[in-house]
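Novice: Fold the following for me, if possible:
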Amino acid sequence: MLNISPHNKESHVESGKYDSLNKVEGKTSGKRLKRTVYVICGILLLILVLPWTQNIRAKGNVTALRPDQRPQTVHSVIAGRIEKWFVQEGQFVKKGDTIIYISEIKDQYFDPKLLERTQDQLRSKELAAKSYGEKVKSLDNQIDALLQTSQLKLQQAKVKYRQAKLKVTSDSMEYQASKINYNIAVDQYERMKKLYEKDLKSLTDLENRKLTMQRAQATMISNEQKLLSSRNEVINAQVELTSIQAQYRDDISKAEAEKYSAMSNMYDAEMTVTKLQNQYMNYSVRTGYYYITAPQDGYITKAIQVGLGETIKEGEKIVSIMPANSKLAVEMYIRPIDLPLVQKGEHVRIQFDGWPAIVFSGWPNTSYGTYGGTVVAIDNFISDNGLYRVLVAPDPKDHPWPDALRVGAGSNSMLLLNDVPVWYELWRQINGFPPDFYKSSTASNTQSKK
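Specialist: Sure thing, here's the model as predicted:
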């Protein structure tokens, strides 16, 4: 009974006569309910003050940590026709193992002796360039000889010109002497003539004096003729000197012109030799591309081109290969709003598809079946899906990732953030606030060092 009425009826009722009433009044369910409510409230209060690890949930997939260890396709450098396969899908190949052999399909490479003929052309052009080089050397020697000869000839002409000038001087002196003798002879003849007119000298003496005067005049005329001839020889020597200079200048110019022409031909031949060498090396390297080999150790996953006799283009995909012994990583995609919360070195808990796990979002240390990771790279540009890619590597301090894990497997990652009470996390979720922004100790130490 509740006993809420002011008129108590317990004194008027004999409870001993009624078994049901005795049983009801003897129950202690109200006390138990109170105790239960108090315990539940205590537990809830205790839960509200427990620590909760804030995190960012993100989907992702398994990839390789290094770009050269990720799945790749093998391409054909040249166009060709498939002739023979040396591998099959799922086969392990080592670096340099032959995958496929192709044949040539371009008509300019059909000649089976293409390399030999190109080498013969190269050898002929090398001999031609060498011949032009020898011709240039011969012309150099010829020019040197012409220069030496011209110097000797010029010296000889200069000596001859000097001799002619000295002879002019000598003949001029003889002419002047003969002219003086002639004048003396004329004076003597005039005096002898005056003496003869006075009958002081005989006619014979007069005639002898006249003969002497005529001889002196003849000598004077002869010396004058010699002087003129010597002057003419000086002019001839000067003309010969100029002629020798012009002649050898023309000869040397012609030799130099032939030399430069030979050098031009030599350079053209050397240029052709270089082109043929380049062409020969291109042909030689091209023949090596007939055998398409594995770029690294790995497994042939899929044959993109199949069959025999099919033609392929330059750069076309042949097979896909998965490198062996690759270091695994997880690429997870986060929202732009969560990007400022992510730092290199942050810890991540990862759940891989196909591996059973029991996950407690706020208590990652109590989760089962998750694996640890560390953020190693964050993209600075957004991906095509509107999210930012974060690369996570295995945490060396945590359990190693499963050996059977393969590239491409899906993952569900939790990027661990700050530790807060449960009540604060509930309040944050109700109000729609973002997680607390904070920097890890590693990042803080790095910035303090800077």
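
Novice: Where do the domain boundaries of this structure fall?
Specialist: 1-48, 53-68+326-449, 72-104+290-323, 114-288 (automatic domain parsing).

Novice: Would you tell me what the next helix or strand after the longest helix belonging to the chain is?
Specialist: Among all segments of the chain classified by DSSP state H, the helix with the greatest residue count is helix 203-288. Next along the chain after helix 203-288, taking DSSP states H and E as the criterion, comes strand 291-293.

Novice: tell me the mean pLDDT for that following strand?
Specialist: If you average the pLDDT over strand 291-293, you get 92.

Novice: Please tell me how far that strand is from the chain's geometric centre.
Specialist: 26 Å (Cα atoms, centre = their mean, to the nearest Å).

Novice: How about stretch 116-127?
Specialist: The answer for stretch 116-127 is 31 Å, by Cα atoms, centre = their mean.

Novice: list the buried ones in that stretch?
Specialist: By neighbour count on 16 or more other Cβ atoms under 10 Å, the buried set for stretch 116-127 is 118-119, 122, 125-126. (Glycine included, C-beta is placed from N, CA and C.)

Novice: Quick one: mean pLDDT for that stretch?
Specialist: 90.

Novice: how near is the most far-flung residue of the chain relative to its centre to residue 206?
Specialist: No residue in the chain sits farther from the centre than residue 199, which is 123.8 Å out by Cα atoms, centre = their mean. Separation of residue 199 from residue 206 (Cβ to Cβ, to the nearest Å): 11 Å.

Novice: same question, residue 256
Specialist: 75 Å.

Novice: Kindly report the same for residue 89.
Specialist: Residue 89 is 146 Å from residue 206, by Cβ to Cβ.

Novice: Please say which of those two ends up with more neighbours.
Specialist: residue 206 (16 against 11; other Cβ atoms under 10 Å).

Novice: distance between the ends of stretch 311-328?
Specialist: 36 Å (Cα to Cα, to the nearest Å).

Novice: which other helices and strands contact the longest strand seen in the chain?
Specialist: In the chain, assigned by DSSP state E, the strand with the most residues is strand 51-64. Here strand 51-64 touches strand 328-334, strand 388-394, strand 410-421, helix 422-431, going by 3 or more Cβ pairs under 8 Å, 6 or more residues apart in numbering; DSSP states H and E.

Novice: about what we covered before: from the contact counts, what lies against the longest helix of the chain?
Specialist: Packed next to helix 203-288, using 3+ Cβ pairs under 8 Å, 6+ apart, are helix 114-197.

Novice: tilt between the helix it packs on and helix 203-288?
Specialist: Interaxial angle, helix 114-197 versus helix 203-288 (axes from the mean of the first three to the mean of the last three Cα atoms, to 10 degrees): 170 degrees.

Novice: Which other helices and strands does helix 114-197 contact?
Specialist: Using 3+ Cβ pairs under 8 Å, 6+ apart, helix 114-197 sits against helix 203-288.
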